[in-house]
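**Student:** Turn this into a structure:
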Amino acid sequence: MSILGTTNLVTAEPRNIQAILATQFNDFGMGATRSTNLKTVLGRSIFAADGASWRAARDMMRPLFSRDNVSRLDVLEEHVQTLFRCIEKEKSPTIAGGTWSAPVSLAALLLSLTLDSATELFLGQSTSTLQASLDGDDSHLGMEFHHAFERMVAVLETRVRLRSFYWLYGTRELRLCVETLHGFVDIAITASDMAKKEGSSQALYDFLNVLRERCSGGDEEVREQVLGLLAAGRDTTASLMSWTWYCLLRNPRVFAKLRSEILSTFGCSPDGPSVTMTFASLKECTYLQHVLSETLRLPLYPSTPAARSATRPSQWAAGRTERAPSLTLKEQRSTSARTCSTGGKDLWGEEDADDFVPERWEKQRGAASAAWHFVPFNGGPRICIGQKLALTEAGYVLVRMLQRYDAVKRLDVDLTRDWHNFTVVCSPGSPVNRNQAVLCQLKLA
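**Tutor:** Residues are numbered from 1 along each chain as shown. Okay, the predicted model is just below:
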């Protein structure tokens, strides 16, 4: 396709995905235009860097995302409890069969949840947007951060679509958003310094101060790295959780089976986990992992695609077979490639490749990954460093919600099609507005 004079190719061919992400990794980069655009907001962030600067940033960031450092489920539980209060703020009249919540948009609530938990993990200070919405306090500092962050993401997405003309749109607005966001980070840095001086820091893992020790560019680079982490991590994790609920609402059999396995593994504890949950125990909950993998697999509900620009001439497969003709990508600024999820009926099955069937993962995980049919967190050198964090958070929140709610009612505005919302990721949408996405009622257990 051609967009504003640029040539753009979208591929779901596993051989091409493998080439872009791994075997021909050095033939593709972010592209000068995209990198320059993102750097206006994210500066030296790993997500705006390329080449040697990207390698240095990744080496610096990787240890921060070890399994032990991202498995802060005690912190996450506090925000899950606030999520429950938001869902149950208004209840429908009790009818035969139990007490139901009023209609809620899980997509909107989960976006707030991931922002609140991510800011607490990365900064030691949460935006607390869920609590602010409960209190009706739109002037709360965290809500200011939330609104600035939402607008920054929207403006950046438009600028990315404008390609080399990105500078025509939103420059002043972006600057104002960044000032608000940096101000919140600075407050967190000051609070961290004071806690350190007073010896009152109780954090099990002080992500912010470890990051400050590793950043050679001082607090300015810390701001940029934190914003990059939030921009890359908040929407993607919320999107995974929202799409999972989107699928569960449409598949009551899977909902019932998943809840049964969760209760048998972790117990029924609506008010708090009675069985200690860890990264390992969540990973060992087989059907939970199958549900998450199946959500990530479906081509209708894609994770973030990998967008790369050709930096040198390279060969692409133009068909599924080895004898298919090849396509030569020329080295030019206007040629870019994007990978997307693949339905791969030759691997997933002719009859149900487009259906939500978590049971398929009982046999196919190894084959899918080896064949590059399943790369929801990308692969190769730029594989997502936060995938453990995303899967742990998504799994934990799903477990806690199914412990508390034993039934759901789907309340889609339009039942005739799938609606998508495109920003930095693809998430469930609505013909009304994004605050009506994944609209449902939940029944208290």
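
**Student:** rest of the way, CA atoms for contacts and neighbours
**Tutor:** OK.

**Student:** Could you list the residues in contact with the helix or strand hosting residue 54?
**Tutor:** Secondary structure from DSSP states H and E places residue 54 in helix 51-61. With contacts defined as C-alpha atoms under 8 Å, 6 or more residues apart in numbering, helix 51-61 is touched by 29, 45, 46, 47, 48, 49, 211, 214, 215.

**Student:** Tell me which of those fall in helices.
**Tutor:** Counting by DSSP state H, the members of those that fall within helices are 211, 214.

**Student:** Quick one, which of the contacts of helix 51-61 are buried?
**Tutor:** The neighbour-count test (16 or more other C-alpha atoms under 10 Å) applied to the contacts of helix 51-61 identifies 29, 45, 46, 47, 48, 49, 211, 215 as buried.

**Student:** I'd like the distance between the third one and residue 53.
**Tutor:** Here residue 46 is placed at a distance of 8 Å from residue 53 (C-alpha to C-alpha, to the nearest Å).

**Student:** I'd like to know which helix or strand in the protein has the lowest mean pLDDT.
**Tutor:** Ranked by mean pLDDT, DSSP states H and E, the helix or strand of the chain with the weakest confidence is strand 335-339, at a mean of 51.

**Student:** So what's the residue count around the residue nearest to residue 164 when sequence neighbours are not counted?
**Tutor:** Closest residue to residue 164 in three dimensions, ignoring its sequence neighbours and counting by C-alpha to C-alpha, 6 or more residues apart in numbering: residue 33, at 5.8 Å. Other residues near residue 33 come to 17 when the count uses other C-alpha atoms under 10 Å.

**Student:** Helix or strand: which one has residue 33?
**Tutor:** Secondary structure assigned from DSSP H and E places residue 33 in helix 32-42.

**Student:** Show the average pLDDT along that helix.
**Tutor:** The average of the pLDDT scores along helix 32-42 is 86.

**Student:** Return the set of buried residues in that helix.
**Tutor:** By neighbour count, and taking 16+ other C-alpha under 10 Å as the criterion, the buried residues in helix 32-42 are 33, 34, 35, 36, 37, 38, 39, 40, 41, 42.

**Student:** nearest to residue 152, of those?
**Tutor:** Using C-alpha to C-alpha, residue 41 is the member of the buried residues of helix 32-42 that lies nearest residue 152, at 8.4 Å.

**Student:** who touches the closest one in this structure?
**Tutor:** Residue 41 sits next to 174, 175, 178, 224 when contact means C-alpha under 8 Å, 6+ apart.

**Student:** give me that answer again for 10 Å
**Tutor:** Shown in contact with residue 41 (C-alpha atoms under 10 Å, 6 or more residues apart in numbering): 48, 152, 153, 156, 171, 174, 175, 177, 178, 224, 227, 228.

**Student:** What distance do you get for it to residue 105?
**Tutor:** Computed with C-alpha to C-alpha, the distance linking residue 41 and residue 105 is 29 Å.

**Student:** Please tell me how far the residue nearest to residue 164 sits from residue 423.
**Tutor:** In terms of C-alpha to C-alpha, residue 33 sits 18 Å off from residue 423.

**Student:** And residue 439, by the same measure?
**Tutor:** In this structure, residue 439 lies at 19 Å from residue 423, with C-alpha to C-alpha as the measure.

**Student:** Which of these two has more residues huddled nearby?
**Tutor:** Shown here are residue 439 and residue 423; by other C-alpha under 10 Å, residue 439 has more neighbours (22 against 16).

**Student:** what pLDDT does the spatially most central residue of the chain get?
**Tutor:** Centrality entry for the chain: nearest residue to the mean C-alpha point is residue 236, 1.2 Å, by C-alpha atoms, centre = their mean. Here, the pLDDT recorded for residue 236 equals 87.

**Student:** Then residue 382?
**Tutor:** Model confidence at residue 382, given as pLDDT, is 88.

**Student:** what about it, how many neighbours?
**Tutor:** Each residue near residue 382 was counted by other C-alpha under 10 Å, and the total is 16.

**Student:** following the strand or helix carrying residue 281, which helix or strand shows up next?
**Tutor:** Secondary structure from DSSP H and E places residue 281 in helix 279-284. Once the chain leaves helix 279-284, the next helix or strand it forms, by DSSP H and E, is helix 286-297.

**Student:** and that following helix, C-alpha only, in PDB?
**Tutor:** What follows is helix 286-297 as a C-alpha-only set of coordinates in PDB (Å, rounded to 0.1, in the frame of the first residue of the first chain):
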ATOM      1  CA  THR A 286      -2.100 -24.600  32.100                       C
ATOM      2  CA  TYR A 287      -5.600 -23.600  30.900                       C
ATOM      3  CA  LEU A 288      -4.900 -20.000  31.900                       C
ATOM      4  CA  GLN A 289      -1.800 -19.900  29.800                       C
ATOM      5  CA  HIS A 290      -3.700 -21.500  26.900                       C
ATOM      6  CA  VAL A 291      -6.400 -18.800  27.100                       C
ATOM      7  CA  LEU A 292      -3.800 -16.000  27.000                       C
ATOM      8  CA  SER A 293      -1.900 -17.700  24.100                       C
ATOM      9  CA  GLU A 294      -5.000 -18.200  22.100                       C
ATOM     10  CA  THR A 295      -6.000 -14.500  22.600                       C
ATOM     11  CA  LEU A 296      -2.600 -13.500  21.400                       C
ATOM     12  CA  ARG A 297      -2.700 -15.900  18.400                       C
END
